[in-house]
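1. Quick check, what structure comes out for this input:
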Amino acid sequence: MNEQYLLYGLVGIVALFLCIKLLKWPIKILINGIIGVVLLYVVNIITANLGVIGIHTNFVLPINPITALIAGFLGIPGVVVIALIVLFL
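-> This is a model prediction of the structure:
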């Protein structure tokens, strides 16, 4: 009976380890997406407030899942790439 509990415990530990390992990527993608949304939002706020000092722009970076993940994975260079795409397309 004790060997059976030991086996169940080992199987449970392995299953828990595999679940944690499998959930690592989705959690990382979610966190990066949230960081991307925050970066895009900050850029939109900064460009919106430029009108206060006399520079009037209608420059807005779209906030959607694709741009959020690009900005999240690439960081500030990703936001620059998105801004260049918006400016020139």
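2. Please, which helix or strand holds the residue nearest the centre of the chain?
-> Nearest to the mean C-alpha position of the chain, counting by CA atoms, centre = their mean, stands Gly33 at 1.7 Å. Per DSSP states H and E: Gly33 is located in helix 2-49.
3. sorry, back to before: report whether the expected contact of the residue nearest to the centre of the chain with Ile66 is present.
-> No: using CB atoms under 8 Å as the test, Gly33 is too far from Ile66 to be in contact (10.0 Å). To be clear about C-beta, it is placed using only N, CA and C from the backbone, and glycine gets the same treatment.
4. hmm, back to that, dump the residue contacts of the residue nearest to the centre of the chain.
-> The contact partners of Gly33, taken as CB atoms under 8 Å, 6 or more residues apart in numbering, are 65, 68-69, 72.
5. let's see it at 6 Å
-> Gly33 makes contact with 68-69, 72, according to CB atoms under 6 Å, 6 or more residues apart in numbering.
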